[in-house]
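got a predicted structure here, sequence first:
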Amino acid sequence: MPSRVADDLATTEAQQQHMADLAAERAVLGAMMMNPRACDDVVEVVTELDMFLPIHNDIFTAILGQWSAEEPTSPIAVARVLDEGKQLERCGGLPYLTKLTEDVLRNPGSPVFYARIVKDWSRRRKAHESLLRGAYHTRDLSRPVDAVVDAAQRDLADAASGLTLADGVERVSEFSDDEMAYLERVAAGDVPHGITTGLGQLDKLLGGFLPGQLIIPAGRPGMGKSTAGLGFAVAAARRGLPVLVNTLEMSKRELWWRLLSRVGEINLNAFTTGRLTEDDLTRAREAKKIVDGWPLHLDDQSRTIEAIRASARRFHQRQGALAIWFVDYLQRIRSSAKFDRRDLEVGSWAREFKTLGGELGAAVVVPSQLNREAEKRSDKRPQLSDMRDSGEIEQEADVVILLHRDDYYDSECERAGEADYIIAKHRNGPMDTVTVAAQLHFARFTDWTNEEDDYR
Ligand SMILES: Nc1ncnc2c1ncn2[C@@H]1O[C@H](COP(=O)(O)OP(=O)(O)OP(=O)(O)O)[C@@H](O)[C@H]1O
């Protein structure tokens, strides 16, 4: 009976022998079934093969499947999934699943605390296996000793990092054939290199956005950061690439209005004031049909860094890919962790976006606010040093685009209707300024030729 095995293994002696803490495994599973929100945190720590007992891994996988499909994770729901896979009886049946949740009620605790214990034991077991494998290979006289030591070192480092053996270090020659073939296809125009920004001049400068890049559009409040970010999201979505927008500032409805305004060329004011003419409505219906066809997803519920991260992970798990992840905007995010300094807190999010973007293969677009320094300059033009909470954001970003409009300060100015995208950081290329048309009444910035805005 699994529960007895689990109880037996709860003692320190048994833990040392088997290198597992089954009480912690049970606590994690119980918490995930009690409350699907616990899954958001647990998946950040534990992966599918981290449990010691195979039946715990099966239960974990069943819960994860339910959670990522936004289905209930209760014992009854999980039992049904296990039953479909003919695993229920082996897993102790519904009574065992129910007992896991009852244990949580009797002995509540933070799921992340238990998840970390599970992860530590998992890493410990992997390190142990890796050392045993290394010891075995030292006796294999057909292998040069250097190769044995090298392989053992890599194996152990992978185990200690918590990654699976399939991840991690690769010798250049192990992947360079594939990379060369990819370069040849890019050069031949068979595959697009970066994801288009939707703005021709900007594409020429940046070569589009690449998976894993962190892109920071930065500007004073109201300069057009959300509009610029949404433009990048739309450019990818209209080409059929999966896009996720986490908005902390606007509701889904407001964001959708912006999409209709942009595509249907309907003044954004008409939506906010509710004064839509018959012509506006006809255009809105047409625009709706176009936008409905895009793999564009909006989330206005996730407000903490933990929830936003989980939202992207869940999206990636369900869709199998995430091309552009647009989070609007950096300073709006809340966190449950306590930091002494705001800049350290915001900087840590930039780092997390960069890391998760790399893991999910997504280009991450996160606008950030600038401080008032630009306003003290005679030309009011922003500089990289104006970034609020800057240090780490600057460091983590691959591309920083400072947004500037002269007409933000003087609506009668010569350059009214123009916006500058000042590329103030570009990790792999030149820095320059691209000037575009600001059509904020249509919730967009566009190239002067406007070719990109022909949605039909
Ligand atoms: N109908 C309209 N006509 C002209 N300009 C408009 C219209 N609606 C909004 N705007 C302008 O668009 C700008 C807001 O754009 P956006 O929301 O992209 O800026 P932001 O930098 O993200 O702002 P925030 O700092 O508030 O998040 C403002 O300057 C606003 O005046």
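Good, I have the coordinates. Numbering: from 1, shown residues only.

what helix or strand is the residue lying closest to residue 309 once chain neighbours are set aside on?
Spatial nearest neighbour of residue 309, excluding adjacent residues (CB to CB, 6 or more residues apart in numbering): residue 356 at 5.9 Å. C-beta here means a position set from N, CA and C on the backbone, and glycine is covered the same way. Residue 356 belongs to helix 342-360 when assigned by DSSP states H and E.

so whichever helix or strand comes after that helix, near the ligand or not?
Later in the chain than helix 342-360, the nearest helix or strand by DSSP H and E is strand 363-365. No. With CB under 6 Å from any ligand atom as the measure, strand 363-365 is seen stopping short of the ligand, the closest distance being 12.1 Å.

after strand 363-365 comes which helix or strand?
Next along from strand 363-365, by DSSP H and E: strand 368-369.

not counting its own residues, what contacts that following strand?
By CB atoms under 8 Å, 6 or more residues apart in numbering, the surrounding residues in contact with strand 368-369 are 216-221, 225, 329-331, 346, 387-389, 393.

picking up where we left off before, got the buried residues for the helix holding residue 356?
345-350, 352-354, 356-357, 360 (16 or more other CB atoms under 10 Å).

rounded mean pLDDT for the lengthiest helix in the chain, please.
Counting by DSSP state H, the longest helix found in the chain is helix 111-138. Looking at helix 111-138 alone, the average pLDDT works out to 88.

quick one, domains of this structure?
3-121, 200-453 (automatic domain parsing).

now the helices for the stretch 151-300 of the chain?
172-187, 200-206, 225-237, 252-264, 268-273, 278-292 (DSSP state H, counting those that start in this stretch).

kindly report the same for the stretch 351-456 of the chain.
Going by DSSP H, counting those that start in this stretch, the stretch 351-456 of the chain shows helices at 373-376, 390-396.

give the helix, strand or coil label for the most centrally placed residue in the chain.
Nearest to the geometric centre of the chain sits residue 312, at 4.3 Å (CA atoms, centre = their mean). Secondary structure state of residue 312, per DSSP: H, G, I helix; E, B strand; the rest coil, is helix.

quick one, what contacts it?
Residue 312 neighbours (CB under 8 Å, 6+ apart): 244, 246, 322, 325, 356, 360, 362.

by neighbour count, which of these wins?
Within these, neighbour counts (other CB atoms under 10 Å) peak at residue 362, which reaches 29 neighbours.

for that residue, what are its contacts?
Here residue 362 is in contact with 211-212, 312, 316, 322-325, 356 (criterion: CB under 8 Å, 6+ apart).

show me the shaky parts of the stretch 201-350 of the chain.
336-338 (pLDDT under 70).

alongside the ligand, which residues does it contribute?
219, 221-227, 249, 267-269.

if you set the cut-off to 8 Å instead, what comes out?
Applying CB under 8 Å from any ligand atom, we find that the stretch 201-350 of the chain lies next to the ligand at 219-230, 249-250, 261, 267-269, 272, 328-329.

which among these end up buried?
219-220, 223-230, 250, 261, 268, 328-329.

so can I have CSV of the domains of the chain showing distance to residue 133?
Below are the domains of the chain laid out as CSV (distance: least, CB to CB, whole Å):
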stretch, distance to residue 133
domain 3-121, 16
domain 200-453, 26
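
may I ask you to name the longest strand in the chain?
strand 418-426 (DSSP state E).

what angle separates that one from helix 225-237?
80 degrees (axes from the mean of the first three to the mean of the last three CA atoms, to 10 degrees).

for strand 418-426, packing partners?
Contact here means 3 or more CB pairs under 8 Å, 6 or more residues apart in numbering; DSSP states H and E; on that basis strand 418-426 packs against helix 200-206, strand 399-404, strand 433-439.

can you list the buried residues in that strand?
Neighbour-count burial for strand 418-426 [16+ other CB under 10 Å]: 418-426.
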